Every structure is written in C-alpha cells, then in structure tokens.
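> Fold the following for me, if possible:
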Amino acid sequence: MRVLVTGGAGYIGTHTLIELIAAGHEPLVVDSFANSVPEALVRTGELVQRTIPFAECDVRERAALRAICADFNPEAVIHFAGLKAVGESEERPRDYYDVNVSGTLNLLAALEGTACKRIVFSSSATVYGVPQYLPYDEAHPCAPASVYAKTKHMAENILTDWQCANPQTAVTVLRYFNPVGAHGSARIGEDPQGIPNNLMPFIAQVAVGRRDRLMVFGDDYDTPDGTGVRDYIHVSDLARAHVAALGAAQTGTEVFNIGTGTGYSVLDMIGAFEKAAGCSIPYRITGRRAGDIAAMQADASRAADLLGWRAELGLAQMCASTWHWQRANPQGYNGE
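Numbers count the residues shown, from 1 in each chain. You can find the predicted model right below:
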C-alpha cells in the first residue's frame, strides 16, 4: 500500500517506517523538520537498506501538501505530525491548535481526490483527562486536562466526522500512552530539540552528562511514592501497532489504547534506568507541572482482541535500549 506518513522523520515515525517497509508497504514521508532532522531518515534508510523518500513540507502549507498528495496518490495515511508537549502547550496554545488542529484539516483537504481510504491517527491517552477509573478503557469519558490533550481530542472528532461523511473510508485512532526506548541498533531513537519535555530522554541526557540533573515535577500526588505514574510502552511495540491498524482497517472509525497495562512512577523509572546504565541519576523535586495528572494506565485488551496486537517489550528493555541509543549518540543526531 502507498502510505503517506506525516511527521515520519520523528521519533515514532522512523520506527514505524521500519515496520511499514518490513510489511511491504511503500511510504512517503512528509515532514517540516521543525522537531526532527533529515539524518534520522538517512539512518532509517540504512537500517532497511533503501532510501526513504520524503518531501519537506509543513502540514499547515495546504497548497504544497495538496500537490504532494496529488502526485503520490496515497492509499493510506499515518498522521503523526503535531506538537506534543503537555507543559509547552499551556504556554503556546495558539501554536498547538494551529499545528494539531489546522494541520489535520489541511491534510483532509489535501487528500480530496486521492485514493486514500484509510487514516491511522497518532492520538494520546491524555484525551481521557483525570481518571474516573483505572485502567482507562476506550469507553472512559474524555475530559482533556491540557491544551495538548484538547487539540488531540479535537483532531479525533474532526477525523471521525470526516469518516462519517465518507462511509467508504476507515479511521483508526491510536491513543498512545508513553512511548520510550529505541531501535535495537542504537542508530535511531528519541532526540528532542532543546530541553526534553518527556521523562525518559531527560533521564538519558543526565546519564550521558548532557544535563546536570532531572527535575521531578511534584511528589505530592495520590500515588504510591507521590510522583506521577504512567504506562510506558516501547516505541518498537508502538510502531507495530500502526502496521496492525493499517491491516485491520476496512470502514468506520475505531479507537484503540496502545499501552502495556502497567504503571510506573517517575521514581520507578529513575531506578530502572540507573540499573540499566550502571550510574546514578541526580534529581531534584520541584512543583507540579500545569496540565499533568497523577496517574494513567491502559486497558489495551481491545487492541489485542481486534488488531491482534500486544506489547512484547518490558521496562528493562525500554531502559536498556534508551541507554544504548544515548550512549552511542551523546549529542543525538547532531553528533553525526
């Protein structure tokens, strides 16, 4: 299948490209490189022993995106492109609505007249908001607690309405929990631009000496050790979920949680990474971060039942692969 992959040069996108090509799909990446670098696609191409075709384009550039879609004529789209930091979204709400919502609308406009009948959307478990119960299942009410989460939920609604108006199409919404880890080759991994907004890359940069210490945002949550609890999933498991979603989609809109079903606190993650890296991780407790909640954990049984997908890699593999990536690339892709 010809698959347009927006944001395909990013962390999750590059790992998904490997799985797509292994499954026989023909991808074309669209990326502005605002939060990624072309080197990531070069290395991904080396791993799959082929050049990864890409077009440099922002999803907000409607005319350029329409021309790309008309030329490539995708049969399916995996829509990763977007801004993704909870804390940052509270400081830059206009940018988040512009990229995550307007970008999705532009993509749908660009797909008019193409062969595209399937869209797999990169969403987030943050759309559920403060849990009424845990683990979250897909029937849990959505009450987004951050600007980021609101933009993801709005994009989900836009895609659902698009599918209803085009009954021959399929939309699969994947609500991610917390992707971590790296490819086993240590050639591709998470390389945030500037100060990391997510826990694992920050821990890794402390371990490799790029940063002095980790800031832990809050230790007074209603959790076993007071720090936030999250369901972490290896990025390679997450990548496989996208291929499963492409294979299963026929018509209609389906929503799936993609997680492991196990929650770990910030302090749990620090301890596990210290064991993997063989070093201590200095940290300092500070105040809570706007938009964060105490805990989230997935019920991913629906994905197992309907997609035949299950997470296979555990916490030790998440931490070890992250450390191997960071140790081999202390400055990320910029060290190349």
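
> Can you give me the distance of Leu238 to Gly278?
According to Cβ to Cβ, to the nearest Å, Leu238 stands 27 Å off from Gly278. Using the backbone N, CA and C atoms, a C-beta is placed for each residue, glycine as well.

> For the two, indicate the residue with more neighbours.
Taking neighbours as other Cβ atoms under 10 Å, Leu238 and Gly278 compare with Leu238 leading, 27 against 8.

> which SS state does that one fall under?
helix (DSSP: H, G, I helix; E, B strand; the rest coil).

> which residues does it contact?
Residues in contact with Leu238 (Cβ atoms under 8 Å, 6 or more residues apart in numbering) are 12, 15-16, 176, 179, 258.

> That one and Ile158, how far apart?
For Leu238 relative to Ile158 (Cβ to Cβ), the value is 23 Å.

> same check, this time on Asp299
Taking Cβ to Cβ, one finds Asp299 at 25 Å from Ile158.

> what helix or strand is Ala257 on?
Let me fix one detail, which is that residue 257 is Asn and not Ala. strand 252-258 (DSSP states H and E).

> for the helix or strand following that strand, which positions count as buried?
Under the assignment DSSP H and E, the closest C-terminal helix or strand after strand 252-258 is strand 263-265. The neighbour-count check on strand 263-265 (16 or more other Cβ atoms under 10 Å) flags 263-265 as buried.

> Stretch 90-98 now?
Buried, per 16+ other Cβ under 10 Å, within stretch 90-98: 90, 92, 96-97.

> I would like the C-alpha coordinates for that stretch, written out in CSV, please.
Output of stretch 90-98 as CSV, limited to C-alpha atoms (Å, rounded to 0.1, in the frame of the first residue of the first chain):
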residue,chain,number,x,y,z
GLU,A,90,-0.1,25.6,28.2
GLU,A,91,2.4,28.3,27.2
ARG,A,92,1.8,28.1,23.5
PRO,A,93,-1.8,27.2,22.9
ARG,A,94,-2.2,29.0,19.6
ASP,A,95,0.7,27.1,18.1
TYR,A,96,-0.8,23.8,19.3
TYR,A,97,-4.2,24.5,17.8
ASP,A,98,-2.6,25.7,14.6
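
> I'd like the average pLDDT over stretch 220-239.
Per-region confidence: stretch 220-239 scores 97 on mean pLDDT.

> Could I have the CA atoms of that stretch written out in CSV?
What follows is stretch 220-239, C-alpha atoms only, in CSV (Å, rounded to 0.1, in the frame of the first residue of the first chain):
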residue,chain,number,x,y,z
ASP,A,220,2.6,15.0,46.4
TYR,A,221,0.3,13.1,44.0
ASP,A,222,-2.0,10.4,45.3
THR,A,223,0.3,7.7,44.1
PRO,A,224,2.5,5.1,46.0
ASP,A,225,5.5,7.4,46.1
GLY,A,226,3.9,10.7,45.4
THR,A,227,5.3,11.1,41.9
GLY,A,228,3.3,10.7,38.7
VAL,A,229,2.5,7.2,37.4
ARG,A,230,2.5,6.5,33.7
ASP,A,231,2.1,3.5,31.4
TYR,A,232,5.3,3.3,29.3
ILE,A,233,5.5,1.4,26.0
HIS,A,234,8.5,0.5,23.9
VAL,A,235,8.5,2.5,20.7
SER,A,236,9.0,-0.6,18.6
ASP,A,237,5.9,-2.1,20.1
LEU,A,238,4.0,1.1,19.3
ALA,A,239,5.4,1.0,15.7
